[in-house]
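Chemist: Predicted structure and sequence below. I'll ask about it afterward.
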Amino acid sequence: LGEIGSGEATQAVADALADEQPVVRSVAARALGLIGDTRAIDPLADVLGDESEATEVRASAAWALVQVGTERALEAAAEYDDDRAYTVQVEAEKARDATAA
């Protein structure tokens with residue numbers, strides 16, 4: 001699905017962000033990054049901003065936003081460059097660096 005790039009794939013994968021298993025949510029976030037559809041920005045930003053979400057899922061959402069690569073996506077991820085979770089910080093710093101370039 002990550003390589004299809006269609007709106008249908010984006011919605012199907014975005015729906016998996018609500019799965020009960022963190023590993024499924026993490027893989028879904030990464031797939032959205034591979035799809036690169038800007039419609040994924042809001043759901044990914046919501047996951048990233050959810051402090052109750054598993055750290056790996058939040059880091060995957062930040063990574064995915066960097067992969068989407070638009071200014072809006074990068075800004076959404078860069079906000080978390082001082083996050084309490086190191087893995088989230090690393091991905092958010094990549095976004096911050098990309099916005100500075």
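Modeler: Happy to help now that I have it.
Chemist: Pull out the buried positions in stretch 70-87.
Modeler: If you call a residue buried by 16 or more other Cβ atoms under 10 Å, then stretch 70-87 has these buried ones: 73-78, 80-81, 83, 85. Using the backbone N, CA and C atoms, a C-beta is placed for each residue, glycine as well.
Chemist: Okay, now it: how far is its last residue from its first?
Modeler: With Cα to Cα, to the nearest Å as the measure, the ends of stretch 70-87 fall 21 Å from one another.
Chemist: cool, stretch 50-61 as well?
Modeler: Here the two ends of stretch 50-61 are set 11 Å apart, with distance taken as Cα to Cα.
Chemist: Check stretch 36-56 too.
Modeler: The distance separating the two terminal residues of stretch 36-56, taken as Cα to Cα, comes to 20 Å.
Chemist: Residues contacting that stretch, please?
Modeler: By Cβ atoms under 8 Å, 6 or more residues apart in numbering, the surrounding residues in contact with stretch 36-56 are 5, 7, 9-11, 13-14, 17, 22, 25-26, 29, 32-33, 57-58, 61-62, 64-65, 67-70, 72-73, 76-77, 80, 85, 87-88.
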